[in-house]
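>>> my questions are about this predicted structure, shown below with the sequence.
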Amino acid sequence: FSHTVIGSFGLFGVIGALAATRAGQWADRGYAQHTSLAALLILLLAWWPLSLMTYSLWALVIGIVLLDLGGQALHVTNQSMIFRTRPEAHSRLVGLYMLFYAVGSGVGAISTTATYAYAGWLGVCSLGACVSLLALLFWWRTMKL
């Protein structure tokens, strides 16, 4: 791909940032659980076009946009719900949330690398879809609508 095409991927990141803003507004209005559900469904859906990236650059773009959109919305919504539980412990909650976020990222990177070595790109997409589905099932099991 050309430098222009590669650089244009950064522009698609704006969509995730705008989604995060909107998700935060919805969470603040009391729609955090519904926003979480939508974000988790978007994350699950994102793996389908990503699995088709070898056939189309647009599939990759759509998958990345969906992954970013769902991830940003879920991140902001999670923070909103967590911080409302104990406002007096805001800094401790931020620290713990980010600790688990970083640990999860590390575990995700290790498992993705191992999966790619064993099963290739489709294996990675399957792993991502499975993790997204598990997160959705966890949400369903613990939801408070």
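Sure thing, it's come through. Note that this is a predicted model, so its numbers are computed, not measured.
>>> so where's the protein shaky on pLDDT?
In the prediction, the chain carries residues with pLDDT under 70 at positions 1, 144-145.
>>> dump the residue contacts of the residue nearest the centre of it.
For the chain, the residue nearest the mean C-alpha position is Gly71 (2.2 Å; C-alpha atoms, centre = their mean). Gly71 sits next to 16, 39, 43 when contact means C-beta atoms under 8 Å, 6 or more residues apart in numbering. For the C-beta atoms, the positions are set from N, CA and C on the backbone; glycine is no exception.
>>> dump those residues into TSV; add distance to Ile62 as well.
Converted to TSV, those look like this (distance: C-beta to C-beta, whole Å):
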residue	distance to Ile62
Gly16	13
Ala39	16
Leu43	13
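>>> please enumerate the helices of this protein.
For the chain, applying DSSP state H gives helices covering 3-26, 32-51, 57-85, 90-142.
>>> picking up where we left off before, tell me how far the residue nearest to the centre of the chain lies from Thr77.
Taking C-beta to C-beta, to the nearest Å as the measure, Gly71 and Thr77 are separated by 11 Å.
>>> next one: Ser91
On the measure of C-beta to C-beta, Ser91 and Thr77 end up 20 Å apart.
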